[in-house]
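A.B. asks: Got a predicted model here, sequence first, then my questions.
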Amino acid sequence: MDKDYFCPFCDKENVYICGIKNLHFTGDPKNMSIRQCPNCKKYFLFIYLYAHLGYGENLLLYRMELKNDEAEYLKNVIESCPDSNNEECSCPAHKILDEFEMKNSDRRVVIIDDVDSW
């Protein structure tokens, strides 16, 4: 089990609901997933990526706590994607997820921010 995906409120492992691959502004793939705590029923959006920067590579993992209506909306958006494993898919779901992430950047809780410098 990966402790990075445990609930910050009750320390239970979050259950994967759905996910989508997207592109970070650096052009690197990022994985976005909705997970739910089976104990306290809270939802989270997790974003995991390796960003290749001019000075090295940065492994990032962060989460956002979601309200129930946000989780349901984002779940429906992700499930509307015809190819959620293709970060270059041109359906609206990828843009909607990116916009949600950017508009809510103040809600991010960084779990891993590991820079590998060259």
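C.D. replies: Happy to help now that I have it.

A.B. asks: Every contact and neighbour count from this point should use C-alpha atoms.
C.D. replies: Noted.

A.B. asks: Look up the closest residue to the most centrally placed residue in the chain, ignoring the ones flanking it.
C.D. replies: Against the mean C-alpha coordinate of the chain, by Cα atoms, centre = their mean, the closest residue is residue 47 at 2.4 Å. Taking Cα to Cα, 6 or more residues apart in numbering as the measure, residue 47 lies nearest to residue 32, with 4.6 Å between them; neighbours along the chain are not counted.

A.B. asks: Show me what the host helix or strand of the one you found is packed up against.
C.D. replies: Take DSSP states H and E as the rule and residue 32 turns out to sit in strand 29-36. Counting contacts by 3 or more Cα pairs under 8 Å, 6 or more residues apart in numbering; DSSP states H and E, the secondary-structure elements packed against strand 29-36 are strand 15-23, strand 43-53.

A.B. asks: in the first one, what's buried?
C.D. replies: I take that to be strand 15-23. By neighbour count, with 16 or more other Cα atoms under 10 Å as the criterion, the buried positions of strand 15-23 are 15, 18, 19, 20, 21, 22, 23.

A.B. asks: And residue 67, how far from residue 105?
C.D. replies: Distance from residue 67 to residue 105, counting by Cα to Cα, to the nearest Å: 15 Å.

A.B. asks: Low-confidence bits of the protein, can you list those?
C.D. replies: Across the chain, the ranges flagged by pLDDT under 70 are 1-2, 52-55, 115-118.

A.B. asks: any idea how far the closest residue to residue 107 other than its chain neighbours lies from residue 50?
C.D. replies: Taking Cα to Cα, 6+ apart as the measure, residue 107 lies nearest to residue 64, with 5.7 Å between them; neighbours along the chain are not counted. Distance, residue 64 to residue 50, by Cα to Cα: 18 Å.

A.B. asks: now residue 76
C.D. replies: Remark: distance between residue 76 and residue 50 (Cα to Cα) = 26 Å.

A.B. asks: Name the residue in the two with the higher neighbour count.
C.D. replies: Neighbour totals were compared for residue 76 and residue 50, and residue 50 leads with 19 against 13 (other Cα atoms under 10 Å).

A.B. asks: Okay, and the beta partners of the nearest residue to that one once chain neighbours are set aside?
C.D. replies: Computed as Cα to Cα, 6+ apart, the closest residue to residue 50 that is not its neighbour in sequence is residue 59, at 4.5 Å. The residues paired with residue 59 through beta bridges, assigned by DSSP bridges, are residue 50, residue 114.
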